[in-house]
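**Q** Fold the stuff below for me.
(4 chains)
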Number of protein chains: 2
Amino acid sequence: MNTPSIQGKESVLDELSLSVRNESATQKICPHNSNISCASCRLNELCLPIALNKTEIHQLDEIVERNRPLKKGDHLYRQNDEFRSVFAVRSGSFKSYVLSDTGQGRVTGFYLPGEIIGMDGIASKHYSNSTQSLEHSSICEIPFSQLEKLSHQLPNLQHHFFAIMGNEIAKDQQIHTLLSSYSAEERTASFLLGLSSRYARVSLSPTRFLLPMTRSDIGEYLGLTVETVSRIFTSLQKKGLIEVNNREIELTDLSALRAIIGVDTC
Amino acid sequence: MNTPSIQGKESVLDELSLSVRNESATQKICPHNSNISCASCRLNELCLPIALNKTEIHQLDEIVERNRPLKKGDHLYRQNDEFRSVFAVRSGSFKSYVLSDTGQGRVTGFYLPGEIIGMDGIASKHYSNSTQSLEHSSICEIPFSQLEKLSHQLPNLQHHFFAIMGNEIAKDQQIHTLLSSYSAEERTASFLLGLSSRYARVSLSPTRFLLPMTRSDIGEYLGLTVETVSRIFTSLQKKGLIEVNNREIELTDLSALRAIIGVDTC
DNA sequence: AGTTATTATTGATCTAGAATAAGGGCTTGC
DNA sequence: GCAAGCCCTTATTCTAGATCAATAATAACT
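**A** The predicted structure is shown next:
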């Protein structure tokens, strides 16, 4: 490896590595520490409390259960578990996946701080996938029946939760298009740009971050094999669009990446 | 063609063709005729009014706009139009699609009677795709701001609309898995079985129906080319699992079709 | 009814990405 | 500190499905 390692568990964080180690960075924004209210959470402008006033946030706060942090690999819930709650990521990251008949999993989504997990279970009352922590993470659990009750009292919350679900639907349909007509390189570029803007949303660098997931996870998510993902990474690096070192990634030419997926770069 | 044509526009419908011509059949269930209330609509047990009592249905009825029927090819809305309403299919069928940069469209969804269209626009306030009628169809338009207001008054309606959106999310994630890991034959089998159960839902034959969409539409939806879809149809027919004549299709061996996608056939 | 445009089928070739194989670097646990 | 697993990369071969091409069948238009 020709750049200094930033993987050391207890390494002292300098300016550079701080901007890269997303887990630590999200800790700053929204600690694993459970003694935090929605009102004081740094994510409250992106998460469920958005558009709520102080009184309303307090009411939401009452129904949120702040569970103890999850270790890497811990499950939030498993496929077919009874649906009880949706979850807001406070720090860390998660992946959802289903097990195919052949035993191997297929990743259906990744979740970063401020994002909502578990809405696939609302209709059938059972989760349709399993969801697992990708690193040391913390979560806010929102019992759905109480969220419904509160939404009924707070039109703002109802409106916003409709919007969150609508957003999930729009996002899923974009992925549908991605998978049904884009090449491996286009899918990968789109994936990286998607992560970029999601990190930007939580005030992290949009051009330098650590991938919380394996190449295999990315492949399963994008309908590609590990080998192809690895090859595309190498090839994008050779073209000078990205810089990769294991999980560390830098997007060195955003507009060229956008050009790959056919977005006008103005 | 070696089976009697059932495509004749004004042909007198006999027992057989009645069960096959879905457009006409759905007319019986829920006519193009606009003078019908939710209370009397044959779809009210599957559509928005589900779980509402008589008074509540009447309230919903007040906000529903029953537009004049759409001809084949008519647009319900276009990509980037301002989001104002969601729509319930009363009869006929629709497809949603986005135009890729290369000009060719990619189909993101098909909608049959009793299904809800347009939820992708809720978050961004603009429709993220265009939606077009595939045949002579009729629609109920539900202005979203009024639906929100009414949902606030009727907990049942709020609950049910959360469920409808949750169902859309779960369905989209299933398609994600389908596209990222299934073969052309598996995708096609899954698509046919999906249509089958959706027709069954509106009391039409689950084994004999007319495809409202072209092979090309199916291909765009499943991430395949027209040629591949056509070849898979031919091959499934040779294996005796289906019987195809142009748009007319019969699923002659449901359990074998299920076996293709790895579902235990009990 | 006859013409044109769209839709569907079938065959022949080509290619993007899968599968297979194999080695090396990290991480984890004893 | 060493061993056992992962995880990632790279090279080689192979194949499912795309692309190209041509024709036939249907539907739509005048």
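
**Q** Would you state the helices of the stretch 51-200 of chain A in chain order?
**A** Shown for the stretch 51-200 of chain A, the helices assigned by DSSP state H, counting those that start in this stretch span residues A:54-63, A:144-153, A:155-181, A:184-201.

**Q** domains of chain A?
**A** Chain A breaks down into these domains under automatic domain parsing: A:26-154, A:182-260.

**Q** related to what we said a few turns ago, for DNA strand D, which of the helices of the stretch 51-200 of chain A is the nearest?
**A** helix A:155-181 (8.7 Å; CB to the nearest atom of the strand). Every residue, glycine included, has its C-beta placed from N, CA and C.

**Q** Hey, what's the angle from the closest one to helix B:144-153? Just curious.
**A** Between helix A:155-181 and helix B:144-153, the angle comes out at 130 degrees (axes from the mean of the first three to the mean of the last three CA atoms, to 10 degrees).

**Q** Next one, pLDDT for the residue in the stretch 1-150 of chain A that DNA strand D sits nearest to please.
**A** The minimum distance from the stretch 1-150 of chain A to DNA strand D, using CB to the nearest atom of the strand, falls at A:Gly73 (8.9 Å). Looking at A:Gly73, its pLDDT stands at 93.

**Q** ok, it - contacts?
**A** By CB atoms under 8 Å, 6 or more residues apart in numbering or on different chains, the contact list for A:Gly73 reads A:Gln132, A:Ser133.

**Q** Give me every residue in the stretch 51-200 of chain A lying close to DNA strand C.
**A** Residues of the stretch 51-200 of chain A lying close to DNA strand C (CB under 7 Å from any atom of the strand) are A:Ser183, A:Ala184, A:Glu185.

**Q** what about the closest residue to A:Ala88 other than its chain neighbours, distance to A:Gly73?
**A** Excluding the flanking residues, the one nearest A:Ala88 by CB to CB, 6 or more residues apart in numbering or on different chains is A:Cys140, at 4.4 Å. Here A:Cys140 is placed at a distance of 20 Å from A:Gly73 (CB to CB, to the nearest Å).

**Q** and A:Leu192, how many residues sit next to it?
**A** Burial of A:Leu192 is recorded as 23 neighbouring residues (other CB atoms under 10 Å in any protein chain shown).

**Q** so it touches A:Ile249, yeah?
**A** Yes. The criterion here is CB atoms under 8 Å, and A:Leu192 meets it with A:Ile249 at 7.2 Å.

**Q** Can you check which residues contact both of those two?
**A** With CB under 8 Å, 6+ apart as the test, A:Leu192 and A:Ile249 both reach A:Ile242.

**Q** A:Gln59: what's it in contact with?
**A** A:Leu150, A:Gln153, A:Leu154.

**Q** Can you pull the phi/psi pair for the nearest residue to A:Gln174 once chain neighbours are set aside?
**A** Among residues not flanking A:Gln174 along the chain, B:Ser128 sits closest, at 7.5 Å (CB to CB, 6+ apart). In terms of degrees, to the nearest 10, the main-chain angles of B:Ser128 are phi -90, psi 0.

**Q** and B:Ser128, what pLDDT?
**A** So, for B:Ser128, pLDDT stands at 96.

**Q** follow-up on the earlier one: so how far is A:Leu48 from the residue nearest to A:Ala88?
**A** 8 Å.

**Q** Find the residues that touch each one of those two.
**A** With CB under 8 Å, 6+ apart as the test, A:Cys140 and A:Leu48 both reach A:Cys38, A:Ala88.

**Q** Filter the residues of the stretch 51-200 of chain A next to DNA strand C down to the buried ones and hand me the PyMOL line.
**A** A single PyMOL command is used to select the members of those judged buried by 16 or more other CB atoms under 10 Å in any protein chain shown:
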select buried, chain A and resi 184+185
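
**Q** Throw the residues of the stretch 51-200 of chain A next to DNA strand C into CSV and include distance to B:Thr177, thanks.
**A** As requested, those are exported to CSV (distance: CB to CB, whole Å):
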residue, distance to B:Thr177
A:Ser183, 20
A:Ala184, 18
A:Glu185, 22
